[in-house]
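Enquirer: from the sequence below, what's the structure:
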Amino acid sequence: MLKLDGKILPHDKNLDLLALAAIGIVFGDIGTSPLYTLKTVIDLSGGKPTPENVLGLLSLLIWTLLVTVSLKYVTFVMRADNDGEGGIMALMSLLRMHRHHRPLIIALGLLGASLIYGDGAITPAISVLSAVEGLKMTAPNVATFVLPISVAILLTLFAVQSQGTARIGWVFGPIMTVWFLTIGILGLWGIAQHPSVLFALNPWHGLHYLFTNGPKGFLVLGGVFLAVTGAEALYADMGQFGAAPIRLAWYGLVFPSLILNYIGQAALLMSGGPISDNIFYQLCPQPFLLALIILATIATVIASQSIITGAYSMTRQAIQLGFCPRLKVTQTSSEGYGQIYIGAVNWVLMFITLGITISFGSSDHLAAAYGIAVSLTMLLTTVLLFVAAREIWKWPLPVCIAVTGTFFCIDVAFFSANLLKVLDGGWVPLVLAIGIYILMWTWRCGSVALTKRIYSMAVPLNDFIAQLKTAAVPRVPGTAVFITKATEKIPPIIIFQVAFNKALHEHVVALSVVTLHTPLVDDDKKLSVECLAPNFWRLIAHYGFMEKPDIPALLRLAGKHECRLDLGDVTYYVPHETIIHTTSGVGLPLWQEKIYAFLLRNSEQIDEFLNLPRERVIEIGKQIEI
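Expert: Modelled structure (predicted):
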């Protein structure tokens with residue numbers, strides 16, 4: 001069975017439908033790379049390519065797509081799924097399931113996710129700019145309007161995100177299918193003019209160029225890498241479509257279209273075509289050029305949309321796994337769990353993307369900054385793939401070294417070549433990634449410290465019951481549900497409530513929410529119930545990192561565990577911690593504590609995060625030293 005927007009679809013009837021949807025969502029980034037990749041490679045090679053050099057550069061492009069995407073990601077990486085979900089954070093969670101205390105695995109996973117955010121801000125900018133720049137070929141006098149038009153398109157794209165894509169998302173697949181068919185046909189047209197370009201299919205041409213051109217041969221790898229910058233999306237979006245539809249879309253349409261288009265562009269250069277203008281648009285006959293520019297612009301908008309929604313999904317995973325502050329997640333469609341909107345992510349991403357677009361001004365300049373973060377992400381994925389091969393697939397060590405070692409060497413070469421871009425703007429995604437990594441790691445460290453402090457304040461059950469009897473604490477009608485991080489003993493929030501109100505409800509529930517390292521949890525495993533005393537229960541709710549907690553709905557399952565609650569008479573008590581600096585000298589560094597306190601103050605209210613009815617929620621504040 002396969003899923004599309006949360007609906008279960010029969011495999012035999014809907015594989016093609018899922019593949020069509022995947023074409024619209026998964027392949028936007030890598031599918032629009034022909035707009036700027038070969039032009040960048042030619043510029044890096046010196047700008048005056050000979051036929052022999054064109055064959056070498058094209059061969060590098062073809063075999064990079066084949067080895068990095070088809071072999072590494074489609075064949076191997078997509079096998080490392082976490083109960084069907086993909087992406088570097090899902091892979092990190094999968095590896096943590098086998099060994100819980102793995103700080104290095106966590107650090108690599110968080111760094112990889114941070115790097116995706118960093119380059120994710122550049123992708124919409126370079127894609128839209130490269131498409132709109134085609135207008136200069138139809139009307140050179142509009143060159144000054146390329147940047148304003150690009151900014152307007154990006155601004156509109158981010159502004160409408162809150163409306164969701166449920167109404168128009170179904171057209172993404174057909175439009176991108178037209179795009180891939182178009183670029184494939186244009187490529188065939190170019191090949192027909194100079195068929196000898198097909199000799200580039202021989203990898204010897206690429207290796208010969210790489211090893212006979214000295215530093216220049218190494219430098220062009222930074223441009224060649226642009227052809228595969230969207231490969232991570234194949235893995236990250238696997239949970240939405242399944243591996244089979246993505247593989248079908250890749251081999252059935254996307255890969256052949258990309259290869260044909262790159263060969264067609266190179267054929268024009270073999271024929272002596274000019275390199276001053278965009279090589280991609282030179283493939284198109286003049287009467288159809290404007291139509292192609294419009295189609296390219298739509299394709300780049302769809303690609304940008306995929307990047308934005310991918311950022312939302314990854315942020316939600318980070319929130320659920322405890323690596324990101326609680327942010328307000330809005331479900332924009334009742335039909336699909338993946339249809340969400342996170343305002344904080346949207347506006348920050350918009351601000352950064354527009355700033356990058358205006359600062360760099362053209363796709364040529366942006367190409368100098370693009371790729372360094374993604375190349376490092378791919379390198380980290382290879383490292384985690386080695387761990388997965390050894391621990392999950394149980395491969396022999398020599399096989400692991402042979403397979404992942406090959407990918408590692410290739411990834412190191414691409415990353416090293418991209419490092420040369422740092423001074424030309426490559427520092428931008430790196431700085432963004434470092435900033436996001438610091439925030440995520442600080443949130444995790446602060447949350448762990450806070451949880452430990454709360455555990456230290458909990459008291460044994462027998463001591464608490466004795467205190468109730470000694471103080472003759474009255475029990476009042478009704479049910480109190482206390483939300484707490486403590487899954488053992490009596491949590492501090494109950495103690496604070498009794499001390500403040502001098503009373504306790506007749507029915508008491510201590511409820512903890514635990515996020516597991518799997519994407520989904522079956523309903524019969526979502527809730528564990530322990531009766532601590534008469535009318536006193538401890539409930540532990542288990543959710544996957546792809547699920548949104550809904551506590552009132554979950555409490556309806558408690559009756560199956562002989563914990564019958566009157567949900568019409570429930571009061572929810574939630575903690576409101578205020579972080580203060582510890583005077584003991586033991587705890588988080590002051591700078592980290594300040595950042596965590598700021599993030600905690602500005603995170604979404606826990607009652608909204610757990611879908612609690614506001615009119616029945618009472619906050620209990622407490623200053624806590626960490």
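Enquirer: pLDDT below threshold where in the stretch 251-400 of the chain?
Expert: 273, 276, 333-338 (pLDDT under 70).
Enquirer: in it, which spans are strands?
Expert: Under the criterion DSSP state E, counting those that start in this stretch, the stretch 251-400 of the chain contains strands at 330-331, 340-341.
Enquirer: closest to residue 181 out of the ones you listed?
Expert: Nearest to residue 181 among the strands of the stretch 251-400 of the chain is strand 340-341; the distance by Cβ to Cβ comes to 31.0 Å. Any C-beta I mention is one placed from the backbone N, CA and C, and that applies to glycine too.
Enquirer: list the contacts of that closest one.
Expert: With contacts defined as Cβ atoms under 8 Å, 6 or more residues apart in numbering, strand 340-341 is touched by 161, 162, 164, 309, 312, 313, 316, 329, 330, 331, 332.
Enquirer: do that again at 10 Å, thanks
Expert: By Cβ atoms under 10 Å, 6 or more residues apart in numbering, the residues outside strand 340-341 that reach it are 161-165, 308-309, 312-313, 315-316, 328-333, 548.
Enquirer: low pLDDT regions in the stretch 101-250 of the chain?
Expert: Across the stretch 101-250 of the chain, the ranges flagged by pLDDT under 70 are 101, 165-169.
Enquirer: now the helices: where do they sit in it?
Expert: Ranges of helices in the stretch 101-250 of the chain, per DSSP state H, counting those that start in this stretch, are 103-120, 122-132, 135-138, 146-159, 172-193, 203-212, 214-219, 221-224, 231-236, 238-241, 243-249.
Enquirer: so which of the ones you listed comes closest to residue 598?
Expert: Closest to residue 598 of these is helix 103-120 (Cβ to Cβ; 18.5 Å).
Enquirer: just to revisit the earlier point, can you list the helices of the stretch 101-250 of the chain in JSON lines and add mean neighbour count?
Expert: Below are these laid out as JSON lines (neighbours: other Cβ atoms under 10 Å):
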{"stretch": "helix 103-120", "mean neighbour count": "22"}
{"stretch": "helix 122-132", "mean neighbour count": "29"}
{"stretch": "helix 135-138", "mean neighbour count": "17"}
{"stretch": "helix 146-159", "mean neighbour count": "17"}
{"stretch": "helix 172-193", "mean neighbour count": "19"}
{"stretch": "helix 203-212", "mean neighbour count": "16"}
{"stretch": "helix 214-219", "mean neighbour count": "14"}
{"stretch": "helix 221-224", "mean neighbour count": "27"}
{"stretch": "helix 231-236", "mean neighbour count": "26"}
{"stretch": "helix 238-241", "mean neighbour count": "25"}
{"stretch": "helix 243-249", "mean neighbour count": "22"}
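Enquirer: which one of the ones you listed lies closest to residue 390?
Expert: Closest of these to residue 390 is helix 103-120, at 12.6 Å (criterion: Cβ to Cβ).
Enquirer: for that closest one, name the packing helices and strands.
Expert: helix 88-98, helix 231-236, helix 289-320, helix 343-360, helix 372-391, helix 427-457 (3 or more Cβ pairs under 10 Å, 6 or more residues apart in numbering; DSSP states H and E).
Enquirer: go with 8 Å
Expert: Secondary-structure packing of helix 103-120 (3 or more Cβ pairs under 8 Å, 6 or more residues apart in numbering; DSSP states H and E): helix 88-98, helix 289-320, helix 372-391, helix 427-457.
Enquirer: for the third one, which helices and strands make contact with it?
Expert: Contacting helix 372-391 under the criterion 3+ Cβ pairs under 8 Å, 6+ apart are the following elements: helix 88-98, helix 103-120, helix 231-236, helix 397-419, helix 427-457.
Enquirer: ranking the ones you listed by burial, who's on top?
Expert: Greatest average neighbour count among the helices and strands packed on helix 372-391 goes to helix 231-236 (a mean of 26), per mean count of other Cβ atoms under 10 Å.
Enquirer: tell me the gap between it and the middle of its chain.
Expert: In terms of Cα atoms, centre = their mean, to the nearest Å, the centre of helix 231-236 is found 9 Å from the chain centre.
Enquirer: can you list contacts of it?
Expert: Residues outside helix 231-236 that contact it (Cβ under 8 Å, 6+ apart) are 26-30, 68-69, 72-74, 77-78, 86-88, 116, 246, 250, 306, 310, 313-314, 374, 377-378, 381.
Enquirer: okay, now the nearest residue to residue 468 once chain neighbours are set aside: neighbour count?
Expert: Leaving aside its sequence neighbours, residue 468 sits nearest to residue 504 (Cβ to Cβ, 6 or more residues apart in numbering; 6.9 Å). Residues lying near residue 504 (other Cβ atoms under 10 Å) number 17.
Enquirer: residue 504: what's it in contact with?
Expert: With Cβ under 8 Å, 6+ apart, residue 504 has these contacts: 468, 473, 474, 475, 476, 480, 494, 497, 498.
Enquirer: so residue 302 sits right up against residue 174, yeah?
Expert: No. Checked against Cβ atoms under 8 Å, the pair residue 302 and residue 174 is beyond contact range at 10.8 Å.
Enquirer: which neighbours do the two share?
Expert: Residues touching both residue 302 and residue 174 by Cβ under 8 Å, 6+ apart: residue 24.
Enquirer: if we can go back for a sec, out of the helices and strands packed on helix 372-391, which is closest to residue 510?
Expert: For the helices and strands packed on helix 372-391, proximity to residue 510 was assessed by Cβ to Cβ; helix 427-457 is nearest, at 12.1 Å.
Enquirer: so what does that closest one touch, helix or strand wise?
Expert: helix 103-120, helix 372-391, helix 492-501, strand 570-580, helix 590-601, strand 617-625.
Enquirer: the same query, at a cut-off of 7 Å, please.
Expert: For helix 427-457, the packing partners by 3 or more Cβ pairs under 7 Å, 6 or more residues apart in numbering; DSSP states H and E come out as helix 103-120, helix 372-391, helix 590-601.
Enquirer: and the contacts of the first one?
Expert: For helix 103-120, the external contacting residues (Cβ atoms under 7 Å, 6 or more residues apart in numbering) are 88-89, 92, 95-96, 232, 307, 311, 314, 318, 323, 370, 373-374, 376-377, 380-381, 383-384, 429-430, 432-433, 436-437, 440-441.
Enquirer: now do that helix against helix 372-391, angle only.
Expert: Put simply, helix 103-120 runs at 150 degrees to helix 372-391, going by axes from the mean of the first three to the mean of the last three Cα atoms, to 10 degrees.
Enquirer: ok now helix 103-120, how far from the chain's centre?
Expert: Remark: helix 103-120 is offset 10 Å from the chain centroid, using Cα atoms, centre = their mean.
Enquirer: show me what contacts residue 277?
Expert: Taking Cβ under 7 Å, 6+ apart, we find residue 277 in contact with residue 137.
Enquirer: list the contacts of residue 275.
Expert: If a contact means Cβ under 7 Å, 6+ apart, then residue 275 has 42, 47, 269 as its contacts.
Enquirer: where's residue 232 relative to residue 380, distance?
Expert: Using Cβ to Cβ, to the nearest Å, we find residue 232 at a distance of 10 Å from residue 380.
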